[in-house]
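>>> here are the coordinates; sequence isn't available:
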């Protein structure tokens, strides 16, 4: 069973715990309608398993459900959206 992705609202992160390691996406609110996905991190021991992609997808789903637009400051988030252009619908206009 896949580990759950937890929205840690207090620390502005989406986290995934596995084998004692934490992967995450950190964000910050820019205003009431916009959120900046600042960075993602997956520990080296867990890389290559698609964890970061699942965390990004969950964070994008959250933003969309909240009616927020996303600024993809993190290169991984920008690349994820480039690979799945359907997520352009939640990306903030530049």
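Received the coordinates, thanks. Bear in mind the structure is a predicted one, so any value in this text is a computation, not a measurement.

>>> for the protein, which strand is longest?
Counting residues, the longest strand found in the chain (DSSP state E) is strand 21-31.

>>> what angle do the following helix or strand past it and strand 21-31 make?
Sequence-wise, the next helix or strand downstream of strand 21-31 (DSSP states H and E) is strand 34-41. Our comparison of strand 34-41 with strand 21-31, counting by axes from the mean of the first three to the mean of the last three C-alpha atoms, to 10 degrees, yields an angle of 160 degrees.

>>> mind checking the pLDDT average for the following helix or strand past strand 34-41?
Next along the chain after strand 34-41, taking DSSP H and E as the criterion, comes helix 51-65. Summarised as a single mean, pLDDT over helix 51-65 is 98.

>>> so what does helix 51-65 touch, helix or strand wise?
strand 5-8, strand 13-18, strand 21-31, strand 34-41, strand 69-71, helix 75-83 (3 or more C-beta pairs under 8 Å, 6 or more residues apart in numbering; DSSP states H and E). Bear in mind the C-beta positions are built from the backbone N, C-alpha and C, glycine included.

>>> touching the shortest one from outside, list them.
Strand 69-71 has contacts (C-beta atoms under 8 Å, 6 or more residues apart in numbering) with 30, 33-37, 60, 63, 77, 90-93.

>>> now that strand, how far from the chain's geometric center?
From the chain centre to the centre of strand 69-71 is a distance of 11 Å (C-alpha atoms, centre = their mean, to the nearest Å).

>>> pLDDT at the nearest residue to residue 16 once chain neighbours are set aside, what is it?
Distances taken as C-beta to C-beta, 6 or more residues apart in numbering put residue 23 closest to residue 16, at 4.5 Å, once the chain neighbours are dropped. Per-residue confidence (pLDDT) for residue 23: 97.
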